[in-house]
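Asks: Okay, sequence plus prediction incoming.
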Amino acid sequence: MAHQETLNRGNGRSTGEHARGVSDLAHDLAEMAELQWRLFSLDLREGAAKAPLPVGLAIGGIWFVLATVPLLLTALAWSLIDFADMRATWAYLISVGAGAAIGGGMFLGAWLGFRRSIAPFQRSREEFARNFRWLKRTLRRRTAAETTPATSAGRRPR
C-alpha cells in the first residue's frame, strides 16, 4: 500500500561479512582451545611431579591397615584383657578405635598431600573461566549487533 513503509529485513551486513565473523570466532576459539590444552598439560606435569609422596603415603596407609593392623589390634585387645583385667568386648572396641585413628591419620596425610599436588590446576580453572567469560561477551556483542532492529528513515518498524 502507498502509506506503508518498506522495511529493510537485513542488518546491513552481507553474507560474506557474516561468514568472516563466524570464521574469526572459530579461529579465536581454536586458538583458545590450543592454549587451554597447553596450560592443562603444563599443570598436569607439575602436579604429577608433586604426587609421588602422597601416592606413597596412600599405599603405605592401605598396606598398614590391611597387613599389620589386624594382628596389632588383636595383640592390643589381648593385652588389655590380660593386663588391665578388661572385658574382651571393651578391649576389642578400644583396639578397633586405635586402628581407625592410625589409619585415618595416614589417609589424612595422603589427602593433604594430594590437595597440594593438584594446586597447579587452579591456573587452568581460572584461565578457562576467563576464556568462557570472553566467549560469552563476544557472542553477546555479536548477537546484539546483528539483532538491532532495521530502521527506515530513522524510525522503528511497526
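Replies: Great, that's in hand. Numbering: from 1, shown residues only.
Asks: wait, what's in contact with His27?
Replies: Residues near His27 by Cβ atoms under 8 Å, 6 or more residues apart in numbering: none. For the C-beta atoms, the positions are set from N, CA and C on the backbone; glycine is no exception.
Asks: what helix or strand does it sit in?
Replies: In the assignment (DSSP states H and E), His27 maps to helix 15-50.
Asks: which residues of the protein fall in strands?
Replies: Using DSSP state E, the chain contains no strands.
Asks: which residue is nearest the middle of this structure?
Replies: Most central in the chain under Cα atoms, centre = their mean is Arg125, positioned 6.6 Å from the mean C-alpha point.
Asks: Please determine how far that residue is located from Gly21.
Replies: 29 Å (Cβ to Cβ, to the nearest Å).
Asks: what about the protein, any weak spots by pLDDT?
Replies: 1-20, 69, 142-158 (pLDDT under 70).
Asks: can we see that at 50?
Replies: Low-confidence segments of the chain, defined by pLDDT under 50: 152-153, 156-158.
Asks: what about the helices in it?
Replies: For the chain, the helices defined by DSSP state H occupy 15-50, 52-63, 69-83, 88-117, 121-146.
Asks: Would you mark the buried spots in the second one?
Replies: Of the residues in helix 52-63, those buried under the neighbour-count criterion (16 or more other Cβ atoms under 10 Å) are Pro54, Leu57, Ala58, Gly61.
Asks: Closest one of the residues you listed to Trp78?
Replies: Closest approach to Trp78 among those (Cβ to Cβ): Gly61, at 24.7 Å.
Asks: correct me, but that closest one touches Phe107?
Replies: Yes - here Gly61 reaches Phe107: they are 5.3 Å apart, a contact under Cβ atoms under 8 Å.
Asks: From the chain's centroid, how far away is the helix holding His27?
Replies: Remark: helix 15-50 is offset 18 Å from the chain centroid, using Cα atoms, centre = their mean, to the nearest Å.
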